[in-house]
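> next input, structure requested:
(chains A and B)
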Amino acid sequence: MEDELRVRLNDHQPSKIFPVKPKSTPKPLSKPETPDSRYWSSFKPHSVPNLVSSVSAVAFSPIHPHSFAVAHSTTVSLFSSNTLTASRRFSFKDVVSSVSFRSDGALLAASDLSGTVQVFDVKERMALRSLRSHKAAARFVKYPVHDKLHLVSGGDDGVVKYWDVAGGTVISDLIGHKDYVRCGDCSPVNDSMFATGAYDHTIKVWDARVGNSKWIAEINHGAPVEDIVYLPSGGMIATAGLNSVKVWDLIGGGRMVCSMESHNKTVTCLSVGRMGLEGENRLVSVALDGYMKVFDYGRGKVTYSMRFPAPLMSVGLSPDSSVRVVGGSNGMVFAGKKKKKVRDEEEKKKASVMTSFWSVKSEVDESRRRALRPSYFRYFQRGQSEKPSKDDYLVKERKGVKLTRHDKLLKKFRHKEALVSVLEEKKPADVVAVMEELVARRKIVKCVSNLEEGELGLLLSFLQRYCTVERYSKLLMALTKKVLETRGEDINGKEEFKGILRNLKREVNQEIKIQQSLLEIQGVIAPLMRIAGR
Amino acid sequence: MIRGGRSYVKSPPSFSNDAKKLLVCTGNNVSVFSAATGLQITSLEGHTAPVTTLIVVPASSAAQKILCYCWTASLDGTIRHWDFSGPELLKTVDAQVPIYSMVIPCLLSEPQQLDSSKLVAYVSVEDTSLVKEGSKELRGHIRRFNLAKERLPRGDTLKETEEPKSIVISPSGEFFGIHHKCKIHVWGVPSGGGSRNALAKKMTLHHTKVINAFAFHPTERIIAAGDVTGRVLIWRSFGNRKLALASQKKNARSMVDLDNPGVRDGDDAESCTTWHWHSAEVNVLNFSSDGAYLYSGGREGVLVVWQLDTGKKKFLPRIGSPLLYFIWSPEPTLSSVVCADNQIHLLKMPSMEISRTISGIKPPPSLPKMYEGLSSTVAFDRSSGIAALCTENYCVQLYNLLNDRGISEVQVCERNHQPGDEITVVVTAVALSLDGSVMSTTEVKLPEDGIGGLVSLKFWESEPDNKTFTLSTIVYEPHKDAGVSAIAFHPTRSMAVSTSFGGDFKIWVCNSDKSQTEKDSSWICHAVGSYKKKPMTAAAFSGDGTVLAVAAENVITLWNPVKNMLLSVLGATLTPITKLCFVGKSEFLVAASNFPKPELSVWNTSKLSLSWSYGLRIEAVTSAVDSSTFAVLALVPKTFRKSKSKKNIFRGRDGAILLFNGSDPKPVSIWTVMKAQGGSISFLEGDKSQLRLAFVNGSHEYVVFDPSSDDTHERSAIDYEGLVGEEETGDFGYTSLYGQLPDYDKKRKEDAESLATPFISSERPWETIFSGSTLNFPPLQKLCGEFFESLMEKSNSVVE
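Reported below is the predicted structural model:
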């Protein structure tokens, strides 16, 4: 106790100097950054040249370097995910509706509105196969996750087709949907299972091994289904229809787990993204309202939401979660990329190994150079950047208060010079702080009357600019009045002050108008509030 | 009973010979502090009036350094000789006149052959035989006393002045002198001391300005003097003619005709130089022990070190308060500077760092006129007995009343100390939450010529078990332009209310989320309320926190603080209410109003009616948390105090603490106190479930006592009667409203008389109440008994 007291008695050091500080501004009430928002806002936007029309689909190659295909109009463009530039184009006869990579990333399947499903080698321009069987527009095509031989596609004819790609033949026509089939996804755990969604509000789960072309499960979304995605566990699917996104438990017999209805317009596309390499999975949805929302389906919460300047049609996230691509309806592609840190370092290391082999000689030179002699300037700086080791005892240097120029002048009671020097710095908060200090010292009026012509102009232009800012107006309005009163004859008729005064007048008039209209609004609202309060 | 808060700075302190102890005059005692820890070791008690001079007998050799003898002189007219290691009183010499200053030259000049029979002291006394009629009476005398004699003659008077002056002695013991207006009178001490009747030779130095302080050089004949305008004058080789010793007489004559630069009126000095640095008066002047440096200081709170030969300066800036004394110790690395804010700073010498501070209770700030009486500048932490006091320099000092020790300081407003300026920033109120963990302060920056001006409300939070507060939230202009009139904390939740003269009050809550750390917690406005746009002048939460009472000028509004609903309105008092307080957990509410017609009223909140009221001017109200007792600090009007029959009761005391119990309009006890203006009272509820009452007066002296001890009742009997008389005679409406008060129990009074007779009470018990020691106190029961018995004597006088 006594020891403690002694320490405390020592605490209050009278020899302290307090520099002039601006008023602290209120902290925003919003919560601090969550890990989600930090992660999802860390994609650095990259500009991608505008495409011609609506971006209907985005697909990532499952193989590194995860290049991605963007379907727009009658073209599919292949982009490199490193540089985010288009490297290859595949053209179609009709508008492309869907695009999908094979599991090894070598082949690419795309469907178009003519009903054709085409398979390309990513390295060649010409189609390897052209699968024609749909009687109406094909709306989706999907490679099973590991299977390299088959394809699933669906279209406006209401039929889901299971293809043998090599032979170019339909293995089975899966009939059951009563309206346009719009979307589908293959199970990540079983290559023969897939789910499709249609405008008849239903999601049907199929098994290619079951011969009688009957679905094995059916879920009613309650709205025309726009997109469907299997969650990574394979036991759950997420569906989008109208404004809602719903998550279903397939193993539990099609039970709804949670639903998210924070979009204002139709949700167009869903995607599953992982937060980093070890992070949790999140469901990313985009909608025509221009919002991309990140949905934590484990907790049933929207954790991040981002607005884009266009209705959104498609979204894609690279499997290594380094690239995020959002396609808009007007052909804009919003690509975002994370900085790659680890790999960069690795590469650097590799490079350094390479150079060190060659630089043995230079190292010898270096050691010779390191023996510093007093003829070098560095000799006098040696050891300055030395870091203390762990068991060293540190003698702490006493930290002095760093004083700005106006503080030093205030310390010497050179009030006018302090005011002028802070006015030159163009930091309004600091200027107001110095003015407040001068008020506290009862010196501001004297300062104003002592200002020379140029300095007066400096002050007037500051006042003109900031006197209607709400935070400073109380002080500055009174000061402006004082300046105009006391220095009237100096200001009058001077060319250089004319513009400033005109601006000042305009600013004040404008502020008065704003205040009046605000009062009017208050007059309207106050009775309403009173009624509401009853 | 604990008394404390005495001034450490009334007279200069002194180091012991080994520089390990610092002796400080504290009221009637001398407190001995350890220089190493800054804590009090012991105290010398015996004087019955404030000690004015303290002389440590210097050691002549290294072996004597452990000797701990000192002489003290006091206003009670005695000179005492002590061994302060004991502490033990060795000798008392009665001078019979109040002593303001004393020097003993032979202690310094010839310590080796110290013969007690030759001890001659020069003292500055006040001649009480002369009636003070105007400023022309020469009441201050400089006299020579021989301390060897037990009983002193009147002594030889050397000089008479209008008022007693402090005597300055040269470190060599050859000269001593006083400053008087624009002059310095210097006497040479007759050498040898053999010729007892040889009077000291006198000389005078003249200046054009009033001299504030001066000092002698330790070895050479140099005098440094500081005047009111801040000049430092150095006279060299003074007294060659007039004070010259016999051997030098011939040389002196030859020097008469020499031109002496800077010396006025043919003064006896070779040269006079002037140094300028100080912008205001110089209060401190002292040469270093080797004579190479001169220390000066004054209003600015800057210690300046002058190199004597060159005039070069070094500074210790921003001490933060006017300096009063600078004292060096026998140890060359240690010295001490004493400030007007009751702080003694110990300096590590060559570097002039403040190594330790002996912190007394700081004096109250001087407030501008408009804030006098409005502000509540003292707050109490009831459980730990810590008071938060607004002081000078925008600080709040946390002072432990039970230990009489400063704990920490909070700089409310980060501004530098600027002497001599008018006050432009005022800390108007401080409040502590019931558990003492949250403090709230308001400060007002006064506008200049209508420009600027700002009211801000600050919330400070302390770590548990650590009374250092850190700023949590600043609210600028909490009630627009209007000033904050009161702050009150909720007893259980983290909620506070601030009321303003602008006609609204705001309830503030702490929004510390569980997920966030404590440091992130901040206070936000929870609700705003107003009643008919009337200025809100006071606020109080009820004991359980369910009701908030806010005074809207002269009505009391009761609110639900959580839902911000007006529950009811209590009728009107005659004048605006300034203080509100719920009585413990009972349904009573105490309201006090001061201007223009003072009134203390107690309201029953369950019946929504006035229970009773007095026409008393109330300075402070407090109530116990658990019981239904409450106490008020009332100012006794001058007219009443001056009336002859009451004079011996009050004796300069201007206030009374009245203890009430619940709805009973009859006070349980009454104590009269000094300097009640600006004072504050509070109940302290310690861990021993012992209820104590703390009273801090207008100059931050305090007393903590047990109001329920039996002796208090006897004490109360007297003053109660006195006050009743006042209400009959005065223009206060108590008797007119409630009729004659019931007769006090006569029997009890008789008991009191019989008890009182065997004791001899001191002459002026209440004036000395704040001058006792706190650390080695006799047991409380004994003390209380003595204390109240001392007061009993007066009852006799009244009764007779």
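> how about whichever residue of chain B sits closest to chain A, nearest residue that isn't a chain neighbour?
In chain B, the residue that lies nearest chain A is B:Gly452 (3.5 Å; Cβ to the nearest Cβ). Any C-beta I mention is one placed from the backbone N, CA and C, and that applies to glycine too. Once flanking residues are discounted, B:Gly452 sits nearest to A:Val439: 3.5 Å by Cβ to Cβ, 6 or more residues apart in numbering or on different chains.
> now do the contacts for the one you found.
A:Leu475, B:Thr424, B:Lys445, B:Pro447, B:Glu448, B:Ile451, B:Gly452, B:Gly453 (Cβ atoms under 8 Å, 6 or more residues apart in numbering or on different chains).
> next, give phi and psi for A:Thr83.
Here is the backbone geometry of A:Thr83 (degrees, to the nearest 10): phi -100, psi -10.
> ugh, wrong one, I meant A:Phe497
Per degrees, to the nearest 10, the backbone of A:Phe497 is at phi -90, psi -10.
> verify the contact between it and A:Gly488 for me.
No: contact criterion Cβ atoms under 8 Å: A:Phe497 and A:Gly488 do not qualify, at 11.0 Å.
> what about the two, which has more around it?
A direct count of neighbours by other Cβ atoms under 10 Å in any protein chain shown for A:Phe497 and A:Gly488 places A:Phe497 higher, at 20 against 9.
> compute the number of surrounding residues for the closest residue to that one other than its chain neighbours.
Nearest non-adjacent residue to A:Phe497, counting by Cβ to Cβ, 6+ apart: A:Ile491, 5.0 Å away. A:Ile491 has 19 neighbouring residues, counting by other Cβ under 10 Å.
> what's the pLDDT at A:Ile491?
We note a pLDDT of 84 for A:Ile491 in this prediction.
> got the phi and psi for it?
Torsion angles, degrees, to the nearest 10, at A:Ile491: phi -80, psi -30.
> return the residues in contact with A:Leu107.
A:Phe101, A:Val119, A:Phe120, A:Asp121, A:Val122, A:Leu128, A:Tyr143, A:Lys148.
> wait, which of those residues is closest to chain B?
Out of the contacts of A:Leu107, the member with the shortest distance to chain B (by Cβ to the nearest Cβ) is A:Phe101, at 42.6 Å.
> ok, the closest one to A:Ser461 distance?
Distance of A:Phe101 to A:Ser461, computed by Cβ to Cβ, to the nearest Å: 62 Å.
> the more surrounded of these two?
Neighbour count, other Cβ under 10 Å: between A:Phe101 and A:Ser461, A:Phe101 has more, with 22 against 17.
> quick one: low-confidence residue ranges for the stretch 351-500 of chain A.
A:351-372 (pLDDT under 70).
> now with 50, please.
By pLDDT under 50, the stretch 351-500 of chain A has no low-scoring segment.
> now swap in chain A and tell me
Residue ranges of chain A with pLDDT under 50: A:1-12.
> can you give me the helices in it?
Taking DSSP state H to define them, one finds helices in chain A at A:2-11, A:35-40, A:342-358, A:360-370, A:405-411, A:415-425, A:428-440, A:444-450, A:453-466, A:470-486, A:488-491, A:495-533.
> which one of the ones you listed is the most hemmed in?
helix A:428-440 (a mean of 22; mean count of other Cβ atoms under 10 Å in any protein chain shown).
> the inter-axis angle of that helix versus helix A:415-425?
Per axes from the mean of the first three to the mean of the last three Cα atoms, to 10 degrees, the angle that helix A:428-440 makes with helix A:415-425 is 170 degrees.
> only alpha carbons, please: show helix A:428-440 as PDB.
Extracted C-alpha coordinates of helix A:428-440, given in PDB (Å, rounded to 0.1, in the frame of the first residue of the first chain):
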ATOM      1  CA  PRO A 428      -9.400  24.400 -40.000                       C
ATOM      2  CA  ALA A 429      -9.600  22.400 -36.800                       C
ATOM      3  CA  ASP A 430      -6.200  23.700 -35.700                       C
ATOM      4  CA  VAL A 431      -7.100  27.200 -36.600                       C
ATOM      5  CA  VAL A 432     -10.200  27.100 -34.500                       C
ATOM      6  CA  ALA A 433      -8.300  25.500 -31.700                       C
ATOM      7  CA  VAL A 434      -5.800  28.400 -31.700                       C
ATOM      8  CA  MET A 435      -8.600  30.900 -31.900                       C
ATOM      9  CA  GLU A 436     -10.200  29.300 -28.900                       C
ATOM     10  CA  GLU A 437      -7.000  29.500 -27.000                       C
ATOM     11  CA  LEU A 438      -6.700  33.100 -27.900                       C
ATOM     12  CA  VAL A 439     -10.200  33.700 -26.600                       C
ATOM     13  CA  ALA A 440      -9.200  32.000 -23.400                       C
END
